[in-house]
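>>> Build the 3D model from these lines:
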Amino acid sequence: MATASRAARAGGTLLREKLGTDIGVRSKDVRSNLVTEADTQSEALIRRMIANEFPADALLGEETGASGNSELARWIVDPLDGTTNYSHGYRCFCVSIAFEMAGVVELGVIYDPMAGEEYCARRGHGASCNGEPIRVSVQDDLRDTLLVTGFPAHRVDDPVGNLRPFAEFMAKAQAIRRDGSAALDLCYVAGGRLDGFWEPGLHAWDIAAGALIVEEAGGRVSDYSGRQAQLDAGEIVASNGKVHEAMLAVLRPYAGGA
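Reported below is the predicted structural model:
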């Protein structure tokens, strides 16, 4: 946990210092999927810090992929979640680091360098923000919820399937936000600022730390069918638990990208 915290803060500090400078923005596979020099520099810094402490562990990073041969211990790193926000100077982005042992995420750290907020969770030991325990909200009626979602990077000729559940939730919830950082969305659910989150098209580095933080804060995380969420499945639903079934009633028809 100490290593994850130091690495997340170091990466976040780098991002904060480079915000607003020439960060070399470019597209990856599609025009809306961005990467900057800050992404790669943050990941390189985090990789070095983790390797110095745990050289035998494997690591999966968004920008440089998988490394290491350990079949038990793996770090999962998103060095900049919210790259599009970052590239525009919109201050909603973070660093996310999770540690997985034998296929089970055991701890997660997410650091928001602009708000100075560090969210942490260790399996079985609860979740916190800047050292203070956090809990999910107690809202039990979908009509009174503040929900959040995101839209995956896509080709301009592809339909954006999340528009359909988005429209349904617009009619059923109090309000919906679209912040552009899945990791921070999960933290806000864990801390009770938001009541629920859903999004398709995600990757392990987007959700590994945040999903554990939600669960350790008393919330529920699943796929659109209500089964245990898999890191590489793409879709995720996270909530305070009390409105989870109501959210699944909307999302089940879209399970598996339907």
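>>> Domains in the chain, by residue range?
2-133, 142-257 (automatic domain parsing).
>>> Need the winner for burial among those.
By mean neighbour count, with neighbours taken as mean count of other Cβ atoms under 10 Å, domain 142-257 ranks first of the domains of the chain at a mean of 20. Heads up, the C-betas are built off the backbone N, CA and C, glycines and all.
>>> End to end on that one, go ahead and measure it.
23 Å (Cα to Cα, to the nearest Å).
>>> Stretch 191-204 too?
First residue to last in stretch 191-204 (Cα to Cα) measures 21 Å.
>>> ok now stretch 190-204, how far from the chain's centre?
7 Å (Cα atoms, centre = their mean, to the nearest Å).
>>> ok so, going back, can you put the domains of the chain in CSV and add mean pLDDT?
Shown next, in CSV, are the domains of the chain (pLDDT from 0 to 100):
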stretch, mean pLDDT
domain 2-133, 90
domain 142-257, 92
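>>> what about the helices in the stretch 151-258 of the chain?
163-172, 182-190, 204-216, 244-251 (DSSP state H, counting those that start in this stretch).
>>> between these, which gets nearest to residue 21?
helix 182-190 (22.1 Å; Cβ to Cβ).
>>> what's next to stretch 8-27, contact-wise?
For stretch 8-27, contacts defined as Cβ atoms under 8 Å, 6 or more residues apart in numbering pick out 33-38, 41-43, 45-46, 49, 79-80, 86-87, 89, 91, 93-97, 109-114, 118.
>>> correct me, but residue 217 touches residue 136?
Yes. Assessed by Cβ atoms under 8 Å, residue 217 is found in contact with residue 136 at 5.2 Å.
>>> Mutual contacts of the two, please.
189, 190, 191.
>>> Checking the residue nearest to residue 1 when sequence neighbours are not counted next. Helix, strand or coil?
Among residues not flanking residue 1 along the chain, residue 107 sits closest, at 5.4 Å (Cβ to Cβ, 6 or more residues apart in numbering). With DSSP: H, G, I helix; E, B strand; the rest coil as the basis, residue 107 sits in strand.
>>> returning to that earlier point: output the helices of the stretch 151-258 of the chain as JSON lines; include the columns distance to residue 55.
Formatted as JSON lines, the helices of the stretch 151-258 of the chain follow (distance: least, Cβ to Cβ, whole Å):
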{"stretch": "helix 163-172", "distance to residue 55": "44"}
{"stretch": "helix 182-190", "distance to residue 55": "26"}
{"stretch": "helix 204-216", "distance to residue 55": "21"}
{"stretch": "helix 244-251", "distance to residue 55": "40"}
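>>> ok, and the residue lying closest to residue 242 once chain neighbours are set aside, which helix or strand is that part of?
Using Cβ to Cβ, 6+ apart and skipping residues adjacent in sequence, the residue nearest residue 242 is residue 140, 4.1 Å away. Using DSSP states H and E, residue 140 is not contained in any helix or strand.
>>> now for the helices of the stretch 151-258 of the chain, which one comes closest to residue 224?
Closest among these, once you apply Cβ to Cβ, is helix 244-251, at 4.2 Å.
>>> got the contact list for that closest one?
Against helix 244-251 from outside (Cβ under 8 Å, 6+ apart): 142, 147, 165, 168-169, 172, 196, 198, 220, 222, 224-226, 235, 237, 239.
>>> Tell me what angle that helix forms with helix 163-172.
130 degrees (axes from the mean of the first three to the mean of the last three Cα atoms, to 10 degrees).
>>> Residue 94 pairs with what?
For residue 94, the beta-bridge partners under DSSP bridges are residue 81.
>>> I figured it hits residue 82, correct?
Yes. Between residue 94 and residue 82 there is a contact under Cβ under 8 Å: 6.5 Å.
>>> overlap in contacts of the two?
Common contact partners of residue 94 and residue 82 (Cβ under 8 Å, 6+ apart): 181, 183, 184.
>>> hmm, back to that, can you pick out the most distant pair from the contacts of helix 244-251?
By the measure Cβ to Cβ, 168 and 220 form the most distant pair in these, at 19.8 Å.
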